[in-house]
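S.K.: Got a sequence here, can you build the structure:
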Amino acid sequence: MTASKIQNAVRASYQNLQSQLDNFVPRRAQNYLVAEIVKTLCGEYHKSTRMIVAEAGTGIGKSLSYLMATIPVALFSNRKVVISTATVALQEQLVNKDLPLYRRITDREFSFILAKGRQRYCCAEKLASASGVDGGQLAMFEQKPKKKDIEQLELMYKKLAQNKWDGDRDSWPKPIKDEIWQMIVSDKHSCNSSMPAHRDCPFQKARSELDKADVVIANHSLVMADADLGGGIILPEPENTIYVFDEAHHLPHVARDHSSAAASLKGAASWLERLNQSVTKFAGMADEKRVSRFRNELQDSVQQLIPSLSQLATRFDPAHFEENIYRFENGELPSWLEEEAKELKKLSQKGAQAVAKIADLISERVKDGELSNRLAEPALAELGFYIQRMDNLAQVWNLMAEPTREKGAPLARWLEVSKEREGDFVVNVSPLEVGWQLDQQLWSRCVGAVLVSATMRALNSFSFFCRQAGISEKAEDGVRYLALASPFDYQNQAELVVPKMKYEPQAPQYTDYLIDILPNLIEENKANLVLFSSYWQMNQVSEALSTHFVKRGWALQVQGQESRSEILKKHKTLVQCQKTSVLFGTGSFSEGLDLPGELLENLIITKIPFAVPTSPVEQAHAEYIENRGGNPFMQITVPEASKKMIQSVGRLLRKERDSGRVVILDRRIVTKRYGKALLDSLPPFKRVIEY
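M.R.: Take a look at the predicted model:
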């Protein structure tokens, strides 16, 4: 691979970009980002560690930068590129806008495809069974579908058979209800590519297209799902891949969710009971001599699991639970539960292995022509459902039985009162730190990695992210770090105002005070966005002010009352008509909301977005830091709030000519010691602090 060829290809595409775009403004930061990615991936900084972590502010054009840099490197070295995002909006932007533009400006041929997880596709066999085409609904469904559901399933089956639908949930013209989709969703156990009928299954078709593409667009969740399977099962294998993680600050949380597991007690006993009744039926389809051992093992483990799990559910008293949750402090289980967990781990693993083996033996008979597809398909689909459940159960009890770790963070373990079934409990386990796992599954295996986001640093440092993501900050380990400022002229384009306030957000009078002062902070005939840190407070304020706003001729739209796209459509129309439009939103409106130009000129932040550690995982993490003599507020809460504040103020300026103001109504940003660090990590707006 010659670096000069790659550099020439990159230079040519950049020159073509200037001629393709009418209002193109060359940006030094964009040029620099492209060059640094190329140098990193070509091994100029470190022969084996080809990894760059870059914070690139709004307006730099980071998606085009990494496309121009990574695709030529991959094509010249015969590698694949996997671009992973956290949001559907960014995936759509890449597929519909950025990649087609890059294709026009490069002289290299390349193909790209959007990858989706198996759960976005239906299984043709399950659909045939569920729609009644092959003689009746599958036995594994607890209740028969309603008439209109069967009609929908029949229509879907017909469209799939006529090649008028590709089996992708997202391409069906109307939303498909979850309960219908769960009946027909593809899963790794029942959808078996070794069987002829499954080679044309929607997921298998999509998967074969994926193998041919040079560039694959995925999301963080799919990358982690593939990594958990060992890598290279759904996506290209890491050893042949250059990864680009856009919106990379979400990756550690996604990885943690993927490593978590949960299962109920009585609920599991209930489906195990159904499996117990079907074991003989399944075993009857396999070779009698070879299957007998696994049939006995399965029956043995299931018949012990059912009473053990049911019995366990009677040993917990909801009176000791706080808000329906009981967390085991420091992840430590009482000794009796430790012993129980070891036994349940043994039984569930034995059961999981036996049920998978029975499915393999049935598949073998089909392959050898000893059993018809028609008989085997529904049984394998049903078995797939049980294999999935058994694997999950084994995973939960495997983690519950794991001995206390000598080094590193413990596991968070907790029980939840079941919402589904009275007197039942859900057992939950989650790791606190997943950095070592990301390193093992991705960083130490891949050809190269590019991690970018507009908010990678917290309090002006990469440390917080690196700790979470398992990336070394030591210079000798060779990871390249870049923090590129936005091209905006912050001093002249916008101001940041911290007004005088009677109360701080912790005061009980704060919500009423917000109701009093907000009308004076709204700018007439302009676009306003007010961000709240809780739905409760947002709804209280909107209820109190809606009549007042109507009287003044202002249009108020509140997040959650209509779909996001509807709210934004109406907002755009109002702004075009020079009306006063006010949007009320919470955390999810502080990220990924693109309101350039006149679509946002006045941004009001009611409170520093400190997250209260309410989830058992967050509580366990705080406890772990405290036990090591640390300060969870300064080590977790403040850095997380810093990232969220940067995202929130990032809504205001989206393009070079945008202007407006940010108003922060939380005086702690100037009165508390940590406030200064939060303020200094925000873009350098002209500051107006009232005293």
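S.K.: And the helix or strand where residue 678 lies, what does it pack against?
M.R.: Following DSSP states H and E, one finds residue 678 within helix 673-680. Helix 673-680 sits against helix 638-649, helix 668-671, with contacts defined as 3 or more CB pairs under 8 Å, 6 or more residues apart in numbering; DSSP states H and E. C-betas here are computed from N, CA, C, even on glycine.
S.K.: In that helix, which residues are buried?
M.R.: Residues 674, 675, 677, 678, 679 are the ones in helix 673-680 that count as buried (16 or more other CB atoms under 10 Å).
S.K.: Mind checking the pLDDT average for it?
M.R.: Mean per-residue pLDDT for helix 673-680: 94.
S.K.: Same check on stretch 99-113?
M.R.: 94.
S.K.: Please put the alpha-carbon coordinates of that stretch into PDB.
M.R.: What follows is stretch 99-113, C-alpha atoms only, in PDB (Å, rounded to 0.1, in the frame of the first residue of the first chain):
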ATOM      1  CA  LEU A  99     -22.000   8.900   0.600                       C
ATOM      2  CA  PRO A 100     -23.600   9.800  -2.800                       C
ATOM      3  CA  LEU A 101     -21.800  13.200  -2.700                       C
ATOM      4  CA  TYR A 102     -18.400  11.400  -2.000                       C
ATOM      5  CA  ARG A 103     -19.100   8.900  -4.800                       C
ATOM      6  CA  ARG A 104     -19.400  11.900  -7.200                       C
ATOM      7  CA  ILE A 105     -16.100  13.400  -6.200                       C
ATOM      8  CA  THR A 106     -13.900  10.300  -6.000                       C
ATOM      9  CA  ASP A 107     -12.500   8.500  -9.000                       C
ATOM     10  CA  ARG A 108     -12.500   5.200  -7.200                       C
ATOM     11  CA  GLU A 109     -15.400   2.800  -7.600                       C
ATOM     12  CA  PHE A 110     -16.900   1.600  -4.300                       C
ATOM     13  CA  SER A 111     -20.200   0.200  -3.000                       C
ATOM     14  CA  PHE A 112     -22.000   0.900   0.200                       C
ATOM     15  CA  ILE A 113     -24.900  -0.600   2.100                       C
END
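S.K.: Need the residues that contact that stretch.
M.R.: Here stretch 99-113 makes contact (CB atoms under 8 Å, 6 or more residues apart in numbering) with 9, 12-13, 16-17, 20, 64, 67-68, 71-72, 75, 95, 209-210, 212-217.
S.K.: 10 Å instead?
M.R.: 8-10, 12-21, 63-64, 67-68, 71-72, 74-76, 81, 83, 93-95, 114, 206, 209-218 (CB atoms under 10 Å, 6 or more residues apart in numbering).
S.K.: what's residue 282 in contact with, if anything?
M.R.: Applying CB under 10 Å, 6+ apart, we find residue 282 in contact with 275, 291, 294-295, 298, 355, 358-359, 361-362, 379-380, 382-383, 386.
S.K.: sec struct for it, please.
M.R.: Put simply, residue 282 is helix when judged by DSSP: H, G, I helix; E, B strand; the rest coil.
S.K.: Before we move on, what's the pLDDT of it?
M.R.: At residue 282, the pLDDT value in this model is 94.
S.K.: Next one: it from residue 81, what distance?
M.R.: With the distance defined as CB to CB, to the nearest Å, residue 282 ends up 43 Å from residue 81.
S.K.: just to revisit the earlier point, off-centre distance for the helix or strand following the helix holding residue 678?
M.R.: Remark: after helix 673-680, the chain's next helix or strand is strand 686-689, criterion DSSP H and E. On the basis of CA atoms, centre = their mean, to the nearest Å, strand 686-689 sits 36 Å off its chain's mean C-alpha point.
S.K.: still on that earlier bit, just give me the closest of the contacts of residue 282 to residue 186.
M.R.: Ranked by distance to residue 186 (CB to CB), the contacts of residue 282 are led by residue 380 at 12.7 Å.
S.K.: What is the burial count for that closest one?
M.R.: Neighbour count for residue 380, taken as other CB atoms under 10 Å: 26.
S.K.: Equivalent analysis for the one 5 residues further on, please.
M.R.: If you count neighbours by other CB under 10 Å, residue 385 ends up with 21.
S.K.: pretty sure it contacts residue 187?
M.R.: Yes. Because the distance of 7.4 Å satisfies CB atoms under 10 Å, residue 385 is recorded as touching residue 187.
S.K.: Stretch 593-607: which residues count as buried?
M.R.: For stretch 593-607, by 16+ other CB under 10 Å, it's 593, 595, 599, 600, 601, 602, 603, 604, 605, 606, 607.
S.K.: what's the neighbour count on the residue nearest to the fourth one when sequence neighbours are not counted?
M.R.: With CB to CB, 6 or more residues apart in numbering as the criterion, residue 600 has its nearest non-adjacent residue at 5.0 Å, and that residue is residue 527. The tally of other residues near residue 527 (other CB under 10 Å) stands at 23.
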